[in-house]
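>>> this one's structure only:
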């Protein structure tokens with residue numbers, strides 16, 4: 001059954017059309033040939049019967065003129081019947097049978113209705129079935145006149161069985177020839193249809209592969225010239241489609257690369273209101289998580305204001321700009337419709353620039369100016385006040401004047417330290433920090449720092465506990481910068497520790513397995529007020545100071561810990577803090593060990 005042509009495809013339709021055409025032609029030929037054969041043979045038989053009837057009429061006229069006896073006419077009819085196989089009889093003007101070649105008991109009642117035509121001299125021809133025989137016969141009636149007088153008629157009856165047999169035989173031959181012709185025609189039609197449909201089937205298969213993305217498929221050009229030209233055009237189309245798809249893929253890749261590399265968020269929506277394209281920077285603008293592609297932008301966006309801006313751009317065919325706040329971040333939004341002069345709006349492209357860091361930087365710059373102004377104004381005011389007191393003679397004794405000058409000198413030193421700290425931070429940020437890294441012993445650096453801070457420690461009557469092994473491996477660091485880090489941490493702990501309390505300075509290898517350790521952890525613990533989690537996040541920021549309860553009497557610029565963080569990170573280390581609101585804080589940092597090169 002699989003070899004049969006499918007009536008829905010071209011091959012099946014061609015075969016069906018050819019089969020119908022052949023059948024119609026065959027039936028037309030059969031019907032026409034049957035009709036022509038029957039007409040031809042009947043006409044031939046009719047002419048033969050009429051000719052014989054004319055001879056009998058001549059015989060009757062001889063009898064009527066007295067040339068022949070009536071008995072001779074009877075004998076003539078019987079002889080005629082024996083040789084021709086036809087029956088004949090004569091009827092007079094009164095419808096009486098005068099002579100017959102057979103013993104017909106009844107007359108010819110079926111033809112009496114035609115006697116009027118015979119009287120007028122017309123020949124009557126009938127094909128009838130006789131009551132005495134079911135076989136069809138041909139009856140010819142010729143009138144006999146003498147002048148204008150009607151004398152009678154001659155009837156000749158010839159059986160048509162032979163004619164019909166001949167016709168059926170010829171029709172049988174025609175049918176056989178027709179069936180043979182139909183078979184040959186179907187075979188030829190099959191070959192031609194297959195030859196026409198086969199290339200188209202190859203084209204259809206190739207088109208199917210093209211729809212699946214295979215644009216390298218090619219078809220051969222076998223067949224008629226039209227098929228060859230069609231194949232060449234198809235192959236050219238395939239090459240052009242491949243080149244076009246490659247260009248589109250390259251363009252799409254370029255667009256995707258550009259979008260991925262953009263720090264600004266990009267969201268593209270179509271006219272129907274669905275998200276068509278976005279980059280990774282746009283994810284903070286989305287809600288609900290998951291993939292936003294194909295979702296309505298009103299459901300995908302986290303801000304109703306942004307959705308309204310998209311709607312305004314799509315409906316108004318105009319650029320829309322605004323600023324929005326989403327979560328903890330600020331964005332500058334610019335949305336533009338995508339449309340041509342004569343083309344309706346296809347969609348809209350939204351570009352979202354994250355201005356959170358810029359705003360934070362502006363706030364930090366303002367805070368920086370305010371903090372520096374504050375830090376400078378306080379000591380300058382103090383210096384000016386004490387110097388005016390000395391110049392105005394407010395001091396009652398040289399000792400009092402000396403005390404005023406000492407305080408002014410202390411405030412000057414405070415401003416100098418602020419300036420140096422600012423220069424250090426500026427140098428670090430601008431990349432001017434130069435580290436001379438070499439093996440350094442932590443224990444020696446800590447002892448050097450403690451010697452420098454002996455006066456401050458003794459002034460508060462603090463007890464310092466050291467937990468540092470002298471055999472601790474050396475670290476790979478700049479000795480001066482490492483000393484500055486430890487100095488800032490211990491000085492910070494001294495300032496914020498309560499009088500008479502204790503300090504702890506520890507240094508040990510990071511991790512439980514000392515052999516596998518790659519860093520040393522140095523920590524400084526004070527006994528001052530604790531820090532909240534929010535304060536712990538900000539304590540490393542420049543100019544940040546905790547509440548007044550954590551400030552020393554001499555105050556601080558809030559730059560020490562910021563410098564610690566920058567210097568430690570420059571050594572490929574990290575800083576941290578552990579504190580509780582109940583009291584006491586531990587500041588620590590990790591720094592790599594020295595690893596000798598082979």
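Thanks, I have the structure now. On a predicted model such as this, the values are computed, not experimentally measured, just so you know.

>>> Tell me which residues touch the residue lying closest to residue 74 once chain neighbours are set aside, please.
Closest residue to residue 74 apart from its sequence neighbours, by C-beta to C-beta, 6 or more residues apart in numbering: residue 99 at 5.0 Å. Using the backbone N, CA and C atoms, a C-beta is placed for each residue, glycine as well. Contacts of residue 99 were listed using C-beta atoms under 8 Å, 6 or more residues apart in numbering, and they are 70, 73-74, 77, 89-90.

>>> which pair in the residues you listed spans the largest distance?
70 and 89 (13.0 Å; C-beta to C-beta).

>>> any residues in contact with both of those two?
Both residue 70 and residue 89 are contacted by 98-99, under the criterion C-beta under 8 Å, 6+ apart.

>>> Neighbour count for those two, which is higher?
Between residue 70 and residue 89, counted using other C-beta atoms under 10 Å, residue 89 has the larger neighbour count: 21 against 13.

>>> all helices of the chain, in order?
Secondary structure of the chain (DSSP state H): helices at 10-64, 70-84, 115-119, 161-211, 225-261, 297-300, 304-316, 356-391, 398-429, 442-452, 454-459, 479-496, 533-538, 560-570.

>>> between the fourth one and helix 10-64, how many degrees?
When you say that, I think you mean helix 161-211. If you take axes from the mean of the first three to the mean of the last three C-alpha atoms, to 10 degrees, helix 161-211 sits at 170 degrees to helix 10-64.

>>> Helix 161-211 - what's its average pLDDT?
Helix 161-211 comes out with an average pLDDT of 74.

>>> OK, contacts around the closest residue to residue 332 other than its chain neighbours?
Counting by C-beta to C-beta, 6+ apart, residue 332 lies nearest to residue 353, which is 4.5 Å off, once chain neighbours are set aside. Residue 353 sits next to 264-265, 331-332, 334 when contact means C-beta under 8 Å, 6+ apart.

>>> ok, the residues you listed vs residue 583, which is closest?
Set against residue 583, the nearest of the contacts of residue 353 by C-beta to C-beta is residue 331 (42.0 Å).

>>> contacting residues around stretch 328-346?
265, 268, 270-271, 284-285, 306, 309-310, 312-314, 316-325, 347-356, 359.

>>> which of those are buried?
265, 268, 270, 284-285, 306, 309-310, 312-314, 320, 324, 347-354 (16 or more other C-beta atoms under 10 Å).

>>> Looking at the residues you listed, which are in strands?
Counted as lying in strands by DSSP state E, out of the buried ones among the contacts of stretch 328-346, are 265, 268, 270, 320, 324, 347-354.

>>> where in the stretch 251-400 of the chain is pLDDT low?
Applying pLDDT under 70 to the stretch 251-400 of the chain picks out residues 288-290, 340-343, 364, 367-368, 370-372, 374-375, 378.

>>> now residue 495: how far from residue 413?
Here residue 495 is placed at a distance of 15 Å from residue 413 (C-beta to C-beta, to the nearest Å).

>>> Give me the more crowded residue out of these two.
Neighbour count, other C-beta under 10 Å: between residue 495 and residue 413, residue 495 has more, with 19 against 11.

>>> mind checking pLDDT for the more buried one?
Reported pLDDT for residue 495: 83.

>>> before we move on, what about residue 414?
Residue 414 carries a pLDDT value of 67.

>>> cool, the one 10 residues further on as well?
In the prediction, the pLDDT value recorded for residue 424 is 68.

>>> For residue 398, state which of the ones in strands among the buried ones among the contacts of stretch 328-346 is nearest.
Using C-beta to C-beta, the shortest approach to residue 398 within these belongs to residue 354, at 63.0 Å.

>>> Pull the contacting residues for that closest one.
Residues in contact with residue 354 (C-beta under 8 Å, 6+ apart) are 263-265, 281, 284, 329-331.

>>> Give the ChimeraX command for selecting the buried subset of those.
In ChimeraX, a selection of the buried entries from the contacts of residue 354 looks like this (16+ other C-beta under 10 Å):
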select :264,265,281,284,330,331
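
>>> how far does stretch 492-511 sit from the chain's center?
63 Å (C-alpha atoms, centre = their mean, to the nearest Å).

>>> List the buried residues of that stretch.
Buried-residue list, stretch 492-511, by 16+ other C-beta under 10 Å: 492-497, 503-510.

>>> Over to stretch 156-175?
156-160, 163, 167, 170-171, 174.

>>> got it, and stretch 90-101?
Buried-residue list, stretch 90-101, by 16+ other C-beta under 10 Å: 90-91, 97-101.

>>> Show me which pair in those is furthest apart.
For the buried residues of stretch 90-101, the farthest-apart pair by C-beta to C-beta is 91 and 101; their separation is 13.4 Å.

>>> what's the span of stretch 492-509 from first residue to last?
Using C-alpha to C-alpha, to the nearest Å, the end-to-end distance of stretch 492-509 comes out at 24 Å.

>>> one step back: quick check: bridge partners of the residue nearest to residue 74?
Going by DSSP bridges, residue 99 is paired in beta bridges with residue 90.

>>> As JSON lines, the buried residues of stretch 156-175 with distance to residue 255 would be great.
Shown next, in JSON lines, are the buried residues of stretch 156-175 (distance: C-beta to C-beta, whole Å):
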{"residue": "156", "distance to residue 255": "103"}
{"residue": "157", "distance to residue 255": "101"}
{"residue": "158", "distance to residue 255": "98"}
{"residue": "159", "distance to residue 255": "97"}
{"residue": "160", "distance to residue 255": "92"}
{"residue": "163", "distance to residue 255": "90"}
{"residue": "167", "distance to residue 255": "84"}
{"residue": "170", "distance to residue 255": "81"}
{"residue": "171", "distance to residue 255": "79"}
{"residue": "174", "distance to residue 255": "75"}
